[in-house]
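*Asks:* Sharing a sequence plus its predicted fold:
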Amino acid sequence: MKRGWRIYFMVLIFSVALLEILFRIIVFPQWRSVSLSRFEQHPIYETFQKPNLSVRRFNPPNYDVINTTNSWGFRDRENGFEDDLAGIWMAGASNSYGGFMEDDEIMSAQLQAIGFKNANLSSEGHRLHQQMRVVRHLTDQGYRPCAVIFELTLNNVVKDYTYAIKELALPLVVNRTKNAPDFSAVQVLVHNLGALANVANVSLFSFKVRLINNSAIYTWAKVGVNLVPFLRQATVRWGLRADVALVNLLPVSVYRDEPGNPADVVFGLTADYIAVIRGWVADNLDVPFAVILVPGGHHLNRDWFERYMSHLGLNAEEYYPSRPYDKLLSALRSRGIAVLDTALSMESAGRFLNFPDDGHTNAVGHAIIARQLAAWLPNILGREQGQ
């Protein structure tokens, strides 16, 4: 009996292995393009893109593009990058990194093509405090921009940044000095311990990451299924894949226009941190600072907003999709921060500016932002084209 079970088990293992090979070679050879192994631990930024990347990003019907990074790990050119670091520093997270677009489609590249030299410091998955680490690190290395611009996309940037304000008041130690401990050695130790922890991590998310990095069958079920329109729609309908309209990091109460809404405090907290960043830039770099504010998918797509409200059992007519954007814009301007308001130009575009299954801004939206930014820069920051 035991021998029989062993044979069945061996047949099962062999069958799964054969099926995996079949998926890798024939059914879904693009599976490697969905890998999450584009990042590495960074001793200062926590995580960052690997240097010298040239990777395909594939997720039908959303995108099929190539992402490249330079030897620094930035999504920018290799030759001339140090010259770019004397231009505008464009900081931001995944939206300004533009991982779902070709290199020349992202707003920083389009701004460069118009004639404004800039360095794209953005990183996929970064939060604002991590981008400030990038800014501080480059400053400590002796680089000096002519301006610093942070791109903020609703809704994922709105939060309490008290922890980040405290961090900004502490020194950012990069190089060892004779009066300081060997932080480089400490950072290497922390990195290695983190890598060991990742190996031992048995969380559901960690398990999924291992699957998507190593199994074509799982990757097809996660992404490749979207190649078949019927299956793509069915997986959303059956709840096997997230509906982008139902993903929202903000509490629904911020969409309700009522005096003294307690949920509104988060907009002031976000603006407070941006004001602290502006002060740091003024004190340490003495250059203009500004913010690009970009509306999110629920703001731009009425059908997404209505599906989101319907999912919560609420009447969309009693809520305002643009309210979070308007509240953050008001909070920033009340603190004297220069803000590029992109809402009107994006609302009036008459085009779909996100991705079918993802709320990031697409290439059309990036082009709109780049053109508006190019027209705005000389007046607000005193920059002339080509400088």
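*Replies:* Arrived safely.
*Asks:* Tell me where the model's unsure across the stretch 51-200 of the chain.
*Replies:* 173-200 (pLDDT under 70).
*Asks:* Kindly recompute the last result at 80.
*Replies:* 155, 173-200 (pLDDT under 80).
*Asks:* Okay, helices next: where are they in it?
*Replies:* Secondary structure of the stretch 51-200 of the chain by DSSP state H, counting those that start in this stretch: the helices cover 81-84, 94-97, 107-114, 128-140, 162-168, 183-200.
*Asks:* repeat for the stretch 201-350 of the chain
*Replies:* Going by DSSP H, counting those that start in this stretch, the stretch 201-350 of the chain shows helices at 204-214, 216-222, 229-237, 265-284, 297-300, 302-311, 323-334, 343-347.
*Asks:* Leu328: neighbour count?
*Replies:* 26 (other C-beta atoms under 10 Å). Bear in mind the C-beta positions are built from the backbone N, C-alpha and C, glycine included.
*Asks:* Can you say which of the helices of the stretch 201-350 of the chain is packed in most?
*Replies:* helix 297-300 (a mean of 25; mean count of other C-beta atoms under 10 Å).
*Asks:* average pLDDT for that one?
*Replies:* Averaging pLDDT along helix 297-300 yields 96.
*Asks:* Please enumerate residues in contact with it?
*Replies:* 154-155, 244-245, 248, 304-305, 308, 321-322, 324-325, 343, 346-347, 353-354, 359 (C-beta atoms under 8 Å, 6 or more residues apart in numbering).
*Asks:* same check, this time on stretch 281-293
*Replies:* By C-beta under 8 Å, 6+ apart, stretch 281-293 touches 92, 96, 135, 139, 144-152, 154, 274, 277-278, 325, 328-329, 332, 337-343, 369, 373, 380-383.
*Asks:* how far is that stretch from where the chain is centred?
*Replies:* 21 Å (C-alpha atoms, centre = their mean, to the nearest Å).
*Asks:* Let's have the helices of the stretch 201-350 of the chain in JSON lines, adding distance to Asn70.
*Replies:* Shown next, in JSON lines, are the helices of the stretch 201-350 of the chain (distance: least, C-beta to C-beta, whole Å):
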{"stretch": "helix 204-214", "distance to Asn70": "24"}
{"stretch": "helix 216-222", "distance to Asn70": "28"}
{"stretch": "helix 229-237", "distance to Asn70": "35"}
{"stretch": "helix 265-284", "distance to Asn70": "24"}
{"stretch": "helix 297-300", "distance to Asn70": "30"}
{"stretch": "helix 302-311", "distance to Asn70": "35"}
{"stretch": "helix 323-334", "distance to Asn70": "31"}
{"stretch": "helix 343-347", "distance to Asn70": "29"}
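*Asks:* Tell me who's in contact with the closest residue to Tyr63 other than its chain neighbours.
*Replies:* Using C-beta to C-beta, 6 or more residues apart in numbering and skipping the chain neighbours, the partner closest in space to Tyr63 is Phe100 (4.2 Å). Residues near Phe100 by C-beta under 8 Å, 6+ apart: 57, 59, 62-63, 65, 355, 358, 360, 362.
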